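Student: This is a predicted model, with the sequence first.
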Amino acid sequence: MLNYIWFGMIVISVICAVLTGRTEDLSKAAVGGADKAIQLIISMAGVMCLWTGILKIAEKSGITNAIARLLTPVLSLIMPEYKNDPDVMGAVSANVTANILGLGNAATPLGLKAMQRMQRHNTLNTSPNNSMVMFVVINTASLQIIPSTIGALRQAAGSQQPFSVLPYIWVTSVLTLITGVMLAKIFSVRS
């Protein structure tokens, strides 16, 4: 569906440019947008490499295991189906840690790995269990202490203080996480 929307926007832009005699402006905007996109990708790649490397160092040094041990009691309360499965809880903790560090792109493969491990033990083969739904809520709402992706985007856009939004991000992500967890608990399927 998204492909059709993008295609429709392109077609409408070309038609409007032709009808208004602004095809040269359209061409300049397309080339300029492509240039800015490449610059953004390069700056984001640098930040992602930095934080992914830091996460790898934290993993090798045992810091992520320590964070996982700290998170496991809390995660066990809200994901009781997997509280005795260290494999699943470790994968979930790694994803939550990546989200806390603001590594949305790095957190995605970790989240997929956690969900695959959860599915292996899911007794409801055709639908997610309550813990899987809760994991998606936690992953989506993600508490972010260091929103590195946002900082990189703001810096690439020319912000002199790319992390000046930290207090707002902290408050918003905490409130979103609390609301999401409460709603997931309220609407959970009783088994």
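Tutor: Here it is on my side, so go on. Residues are numbered from 1 along each chain as shown.
Student: Report the mean confidence score over stretch 22-39.
Tutor: Throughout stretch 22-39, pLDDT has a mean value of 88.
Student: Distance from the chain centre to it, please.
Tutor: Stretch 22-39 has its C-alpha centroid displaced from the chain centroid by 28 Å (Cα atoms, centre = their mean, to the nearest Å).
Student: Ok, stretch 15-23 next?
Tutor: Offset of stretch 15-23 from its chain centre (Cα atoms, centre = their mean): 38 Å.
Student: For that stretch, list every residue counted as buried.
Tutor: A17 (16 or more other Cβ atoms under 10 Å). For every residue, glycine as well, the C-beta is placed using N, CA and C.
Student: Show the backbone phi and psi for the residue located most distally from the centre of the chain.
Tutor: With Cα atoms, centre = their mean as the measure, the chain has its most outlying C-alpha, relative to the mean C-alpha position, at G21: 41.4 Å. For G21, the backbone dihedrals (degrees, to the nearest 10) come out as phi 70, psi 30.
Student: which intervals of the protein have sub-threshold pLDDT?
Tutor: The model of the chain has pLDDT under 70 over residues 64, 102, 104-105, 190-191.
Student: and with 50 instead?
Tutor: Under the criterion pLDDT under 50, no range of the chain is flagged.
Student: you'd agree T176 is up against A141?
Tutor: Yes - between T176 and A141 there is a contact at 4.4 Å, judged by Cβ atoms under 8 Å.
Student: Using neighbour counts, pick out the buried residues of stretch 136-145.
Tutor: V137, I138, N139, A141, S142, L143, Q144.
Student: and if you look at stretch 28-36?
Tutor: For stretch 28-36, burial by neighbour count (16+ other Cβ under 10 Å) applies to no residue.
Student: could you pull out the helices for this protein?
Tutor: Here the chain has its helices, by DSSP state H, at 2-20, 23-61, 63-78, 86-100, 104-120, 130-141, 148-156, 166-186.
Student: This completes my enquiry, with thanks.
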